[in-house]
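Trainee: Generate a structure from the sequence data that follows.
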Amino acid sequence: MSSLQVTAGLLIKVLEYCEYHCKAESQNMSEIEIRDWDEQFVVMDDYVLFNLILAANYLDIKGLLDLTCKKVADEIRGKTPEEIR
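Mentor: This next block holds a predicted model:
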């Protein structure tokens, strides 16, 4: 079994996501409000984003994994392989 080394800063981001979504569910927040928060949450540099994907996968947080993967997909959509590199 592989292990993932998670920095304190990365763990804080994971907890921030989980706490917000737990609160959003308990307070019946609108989908628009949640989507807006999610869009702002994933505004980060690629290094942090890729490590957040790894952490979400390792910790089995499907919503966070989906969100971060979607962000990467949106960033590379319409680019040539050369532009992606």
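Trainee: Now for the chain, the helix or strand with the poorest mean pLDDT.
Mentor: Sorting the helices and strands of the chain by mean pLDDT, DSSP states H and E puts helix 81-84 at the bottom, at a mean of 83.
Trainee: Mind listing residues that contact it?
Mentor: The set of residues that contact helix 81-84 without belonging to it, under CB atoms under 8 Å, 6 or more residues apart in numbering, is residue 76. The C-beta positions use only the backbone N, C-alpha and C, and glycine is treated the same way.
Trainee: Pull it out as PDB, backbone CA atoms only.
Mentor: What follows is the C-alpha trace of helix 81-84 in PDB, where atoms were taken according to Å, rounded to 0.1, in the frame of the first residue of the first chain:
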ATOM      1  CA  PRO A  81      -0.300  19.000 -26.600                       C
ATOM      2  CA  GLU A  82       2.500  21.600 -27.000                       C
ATOM      3  CA  GLU A  83       0.500  24.200 -25.100                       C
ATOM      4  CA  ILE A  84      -0.200  21.800 -22.300                       C
END
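Trainee: List the buried residues for that helix?
Mentor: Of all the residues in helix 81-84, not one is buried under the rule 16 or more other CB atoms under 10 Å.
Trainee: now the helices for the protein?
Mentor: With DSSP state H as the criterion, the chain has helices at 8-26, 31-41, 46-58, 62-76, 81-84.
Trainee: so what pLDDT did the closest residue to residue 51 other than its chain neighbours get?
Mentor: Closest residue in space to residue 51, ignoring its immediate chain neighbours: residue 10 at 5.6 Å, by CB to CB, 6 or more residues apart in numbering. In this model, residue 10 is scored at 93, pLDDT.
Trainee: cool, and the one 5 residues further on?
Mentor: Reading off the per-residue confidence, residue 15 sits at a pLDDT of 97.
Trainee: what about it, distance to residue 8?
Mentor: Using CB to CB, to the nearest Å, one gets 10 Å for the distance from residue 15 to residue 8.
Trainee: Surely residue 67 touches residue 42?
Mentor: Yes. When contacts are counted by CB atoms under 8 Å, residue 67 is listed as touching residue 42 (6.1 Å).
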